[in-house]
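> Make a model of this:
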Amino acid sequence: TQSKKKKKKIKNWDHVFFETSPFSLEKKDISSLIYYLITCSHKGGIAYGWWSNKQAILGYTPEYLFKKDALFVQTMALAGTARSAQHDLKKDQKERWEHQLVIEEIKKQLKPLGKSHLSDTYIYSVGNISHLRTDFKLQLTKNISFEQLCCLLHPTPALGGVPRKPALNLLAELHKENNLRYGFGSPFGVAKGDKAFCVVAIRNVQFINGKMYIGSGFGLVKGSQMEREWEELRKKRQIIKDILFST
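Modelled structure (predicted):
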């Protein structure tokens, strides 16, 4: 008799949606958008970008994937979202559980590098949106490259899913016909010598082939309320609109 394989239940996985509109990108547009990003640098997010004559990505992310030097690696769990001052995220069981899934997966991924030291979970606000955040720091027991760290940590469950392998297989199946994310959520960083810094490329606007794309995503877990998740998508896109197109 053929034995039946036990299927793993996916506890959490991420959905990404885009708004699109025609847009002819010019150098003056890039200069203006970069200026707006820089002027918002005091609000808690991280400005980042890349551009050429034909396409560009500019964003203001609340999340970095890792910071690294010769001795230490730092990263963060960022999951659980609400409008600032709307309610206490720390008391929201669904948001806390979603955040804990991300913490446990990052701990598992970092284990081969050394023992992680975690901060207390706290509220972290960027614009009018708040998140649950927990910081990680570990002392390296062996060398690891920028590319290896990207492969180890990307995507976190907030952009992929739990358990990791079946969730990523599902996302690959859903996206095999088309690259629906357009690089949204990808690692985006720089490295020089032993030092490296890499952000998670969310809260951005992308210009590709004469079109503008603004993406946002949400984590789907047991207890998710779809009306609330749709509103979260809208608020995340609105942040980047307010920063870049408010004048």
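> contacts and neighbour counts: CA atoms only from here.
Will do.
> Please give me every residue in contact with the most centrally placed residue in the chain.
Closest residue to the average C-alpha location of the chain: Val200 at 4.5 Å, with C-alpha atoms, centre = their mean. The contact partners of Val200, taken as C-alpha atoms under 8 Å, 6 or more residues apart in numbering, are Thr61, Glu63, Tyr64, Leu65, Gly185, Ser186, Pro187, Phe188.
> can you list these in CSV and add secondary structure and distance to Lys195?
Shown next, in CSV, are the contacts of Val200 (DSSP: H, G, I helix; E, B strand; the rest coil; distance: C-alpha to C-alpha, whole Å):
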residue, secondary structure, distance to Lys195
Thr61, strand, 20
Glu63, coil, 18
Tyr64, strand, 14
Leu65, strand, 14
Gly185, coil, 22
Ser186, coil, 19
Pro187, strand, 16
Phe188, strand, 15
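> Reformat these as CSV; add neighbour count and distance to Met226.
Formatted as CSV, these follow (neighbours: other C-alpha atoms under 10 Å; distance: C-alpha to C-alpha, whole Å):
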residue, neighbour count, distance to Met226
Thr61, 20, 24
Glu63, 21, 24
Tyr64, 22, 27
Leu65, 24, 27
Gly185, 24, 21
Ser186, 18, 25
Pro187, 22, 28
Phe188, 18, 30
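> Dump these to a markdown table, plus distance to Leu78 and pLDDT.
Listed next are the contacts of Val200 as a markdown table, based on distance: C-alpha to C-alpha, whole Å; pLDDT from 0 to 100:
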| residue | distance to Leu78 | pLDDT |
| --- | --- | --- |
| Thr61 | 11 | 92 |
| Glu63 | 7 | 95 |
| Tyr64 | 9 | 96 |
| Leu65 | 10 | 97 |
| Gly185 | 13 | 90 |
| Ser186 | 15 | 92 |
| Pro187 | 15 | 95 |
| Phe188 | 17 | 95 |
